[in-house]
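> Got a predicted structure plus its sequence, pasted below:
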Amino acid sequence: MNAICILGASGLVGQKAIALIDHLPNFEVTEVVASENRLGLTYEESVDWQEPRLLPNSVAKLKFKEPCEVTSPFVISSLPSSVASKIEPLLAQKGKHVFTNSSCFRLDPNVPLVIPEINQDQLKIVTRQPTPGKVVANPNCSATFIALALAPLLKLSSISYVSVVTCQAISGAGLNGLSAYQILGNIIPYIQDEEEKIALELAKILNIDTRFIVHTTRVPVINGHTIMLHIHFDKKLHLENVKELYQNLSHVRLYEQKDRPQVFRDIGPYDDRVHIGRLKLVDRVLGMVVMGNNLTRGAASAAIRNLLTFVGDRSCASSQLSSRLF
Ligand SMILES: NC(=O)c1ccc[n+]([C@@H]2O[C@H](COP(=O)([O-])OP(=O)(O)OC[C@H]3O[C@@H](n4cnc5c(N)ncnc54)[C@H](OP(=O)(O)O)[C@@H]3O)[C@@H](O)[C@H]2O)c1
């Protein structure tokens with residue numbers, strides 16, 4: 001078994017990672033790190049477990065450690081960026097390979113920003129990192145869903161411009177992110193730094209020179225981001241060709257129904273796919289609705305996929321991973 005340490009193990013992404021790794025054959029969570037308030041406490045006595053799957057027994061009894069005590073060769077990090085920017089390089093110096101959800105190194109030219117189905121060749125740039133351990137980042141949750149929707153389309157035409165409007169769930173802001181008073185019956189039309197991240201990260205992942213205009217909103221949905229895209233192509237497309245591309249991808253679920261996808265009906269707690277519907281073509285502009293589980297595909301399973309790709313774990317090759325993680 002390969003040992004994994006989870007940084008930020010008490011948070012929403014950390015909990016999701018623990019629930020997912022428990023179903024992987026070759027890996028186990030052996031260490032947990034969170035804020036210093038939990039040092040020395042066991043996981044089960046100090047964490048408000050939110051996952052529908054039961055807390056694995058092997059994790060329940062683990063005691064929270066300090067980052068300097070980590071011995072596992074692999075680390076999944078779900079720390080706030082301000083903390084990750086200090087802890088992750090220290091672990092890399094100690095030879096740990098860090099797969100991070102935080103945004104602090106995503107645009108660093110020496111750090112791969114990877115979605116395995118799209119750009120796993122970017123992993124090779126880790127050789128530019130001078131440390132014995134390497135840092136590999138996964139993108140912002142909305143950027144991940146948009147990239148998975150756009151990447152296949154680049155086979156049909158280059159894209160000059162994309163209009164993006166997101167409706168992001170409250171779980172995207174973390175366990176203590178928003179009060180009920182702030183979000184119930186409300187839509188907040190701005191998420192700090194999110195719009196810049198989405199545009200810059202998409203350019204790095206897809207290696208394209210496309211303009212993005214992005215509005216991000218927080219909506220009173222517990223989990224699952226829904227994103228409206230209008231994609232301006234340089235050539236005229238045919239809707240049937242677009243559908244055919246998506247239908248052939250195991251990580252995409254394509255909907256023909258006019259009222260789908262819906263977060264309430266279509267994504268489960270361990271859903272690892274991108275959901276696409278409402279396809280509409282007007283001249284060179286393709287409109288669509290893209291949806292995904294922000295805690296799973298947008299965060300925890302994105303980091304786990306990068307780890308598995310990094311180590312070349314063929315038992316969980318991309319197409320099989322979805323069914324394993326559901
Ligand atoms: N939520 C999402 O949908 C999503 C999607 C993509 C990426 N991300 C990124 O993933 C990371 C985690 O997000 P989250 O939603 O899981 O947040 P969260 O629920 O707020 O969890 C944050 C975690 O970080 C720990 N932490 C906070 N301050 C710390 C410190 N000074 N030292 C050590 N640990 C500390 C917390 O420990 P305590 O509980 O002890 O405070 C907790 O375990 C963030 O960088 C976020 O931007 C989140």
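In hand now; what should we look at?
> I76 falls within a strand, correct?
Yes - assessed with DSSP: H, G, I helix; E, B strand; the rest coil, I76 lies in a strand.
> you'd agree it is up against Q15?
No - using C-beta atoms under 8 Å, I76 is not in contact with Q15; the gap is 11.6 Å. No exception for glycine: its C-beta is placed from N, CA and C like everyone else's.
> Of these two, which one has the most company?
I76 (30 against 26; other C-beta atoms under 10 Å).
> Please name the nearest non-neighbouring residue to K235.
Distances taken as C-beta to C-beta, 6 or more residues apart in numbering put S157 closest to K235, at 3.9 Å, once the chain neighbours are dropped.
> Next up, phi/psi of the one you found, please.
phi -170, psi 160 (degrees, to the nearest 10).
> What degree of burial does it show, as a neighbour count?
S157 has 16 nearby residues by other C-beta under 10 Å.
> pLDDT score assigned to it?
Looking at S157, its pLDDT reads 97.
> Mind listing what's buried along stretch 94-112?
For stretch 94-112, a neighbour-count test (16 or more other C-beta atoms under 10 Å) marks 96-106, 111-112 as buried.
> ok, and which of those reach the ligand?
Restricting those to those near the ligand by C-beta under 6 Å from any ligand atom leaves N101, S102.
> quick check, nearest of the buried residues of stretch 94-112 to D22?
If you rank the buried residues of stretch 94-112 by distance to D22 using C-beta to C-beta, F99 comes first, at 16.9 Å.
> ok, the residue of the stretch 1-150 of the chain found nearest the ligand - contacts?
Of all residues in the stretch 1-150 of the chain, G11 sits closest to the ligand, at 1.9 Å by C-beta to the nearest ligand atom. Counting by C-beta atoms under 8 Å, 6 or more residues apart in numbering, G11 touches A34, S78, G174, L175.
> Now the two most distant members of those residues.
Maximum distance among these (C-beta to C-beta): 12.3 Å, for A34 and G174.
> Name the residue in these two with the higher neighbour count.
More neighbours surround A34 than the other of A34 and G174, with 22 against 14 (other C-beta under 10 Å).
> can you list the residues of the stretch 1-150 of the chain near the ligand?
So the stretch 1-150 of the chain meets the ligand at 8-14, 34-35, 37-38, 78-81, 83, 101-102, 141 (C-beta under 6 Å from any ligand atom).
> So among these, which ones count as buried?
So, by 16+ other C-beta under 10 Å, the buried ones in those are 8-14, 34, 38, 78-79, 83, 101-102, 141.
> could you pull out the helices for the stretch 151-300 of the chain?
180-183, 194-206, 239-247, 263-266 (DSSP state H, counting those that start in this stretch).
> residue ranges of the strands in the stretch 1-150 of the chain, please?
In the stretch 1-150 of the chain, the segments counted as strands under DSSP state E, counting those that start in this stretch are 2-7, 27-33, 64-65, 74-77, 97-100, 135-137.
> strand partners of the longest one, parallel vs antiparallel please.
Strands adjacent to strand 27-33 in the sheet, as given by DSSP bridges, are strand 2-7 (parallel), strand 64-65 (parallel).
> Out of those, which is the most enclosed?
strand 2-7 (a mean of 23; mean count of other C-beta atoms under 10 Å).
> Rebuild the contacts of G11 as CSV, extending it with distance to F212 and pLDDT.
Output for the contacts of G11, formatted as CSV (distance: C-beta to C-beta, whole Å; pLDDT from 0 to 100):
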residue, distance to F212, pLDDT
A34, 34, 98
S78, 26, 98
G174, 25, 98
L175, 29, 97
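> Return the member of these nearest to E194.
Of the contacts of G11, the one sitting nearest to E194 (C-beta to C-beta) turns out to be G174, at 13.5 Å.
> rewinding a little: the helices of the stretch 151-300 of the chain: which one's closest to the ligand?
Nearest of these (C-beta to the nearest ligand atom): helix 194-206, 9.4 Å.
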